[in-house]
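Asks: next one to model:
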Amino acid sequence: MPALCCLGRFVHALGRLGVHNGGDVVPAIITRVWDQTTVAGYDVWVVNLLMLHDGPQVVWRPSVYVFADEATARRVPGWNAWWPPETCGNHL
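Replies: I've put the predicted structure just below:
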């Protein structure tokens with residue numbers, strides 16, 4: 001987990017399948033940092049997110065857990081997020 005979780009940082013978050021142009025991952029901006037805690041044995045941040053869907057819909061999601069990576073975030077049920085990888089492999 002990055003040492004710095006702060007207002008305005010971007011994360012990747014799980015959204016509803018089909019709302020984001022067919023995908024279930026959306027970029028999100030941290031709008032509030034609440035705390036660090038442990039969930040299912042993983043260290044996480046607890047934050048509020050502004051989720052940026054592909055189109056005019058914007059969703060605010062409170063008390064989201066931010067995990068270190070996508071695989072871990074998908075293992076734990078709920079509206080979870082993770083830090084984006086340093087490089088993205090899906091650029092055209």
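Asks: ok, residue 63 - how many residues close by?
Replies: For residue 63, the neighbour count with other CB atoms under 10 Å is 13. Where C-beta positions appear, they are placed from N, C-alpha and C, glycine not excepted.
Asks: now do the one 5 residues further on
Replies: Residues contacting residue 68 under the criterion other CB under 10 Å number 15.
Asks: tell me who's in contact with it.
Replies: Going by CB atoms under 8 Å, 6 or more residues apart in numbering, residue 68 touches 1, 42, 43, 82, 83.
Asks: residue 13 now?
Replies: By CB under 8 Å, 6+ apart, the residues touching residue 13 are 25, 26, 27, 28, 49, 51, 61, 64, 79, 80, 81, 82.
Asks: which one of these is nearest residue 10?
Replies: Taking CB to CB as the measure, residue 10 lies nearest residue 27 of these, at 5.7 Å.
Asks: which SSE is residue 74 in?
Replies: Per DSSP states H and E, residue 74 falls inside helix 70-75.
Asks: among the contacts of residue 13, which lie within strands?
Replies: 25, 26, 27, 28, 49, 51, 61, 64, 80, 81, 82 (DSSP state E).
Asks: what's the nearest residue to the second one if we skip its chain neighbours?
Replies: In this structure, residue 26 finds its nearest non-sequential neighbour in residue 15, 4.2 Å apart by CB to CB, 6 or more residues apart in numbering.
Asks: what's the answer for the fifth one, then?
Replies: The shortest distance from residue 49 to any residue that is not its chain neighbour, by CB to CB, 6+ apart, is 4.1 Å, and that residue is residue 28.
Asks: that neighbour and residue 81, how far apart?
Replies: Per CB to CB, to the nearest Å, residue 28 is found 6 Å from residue 81.
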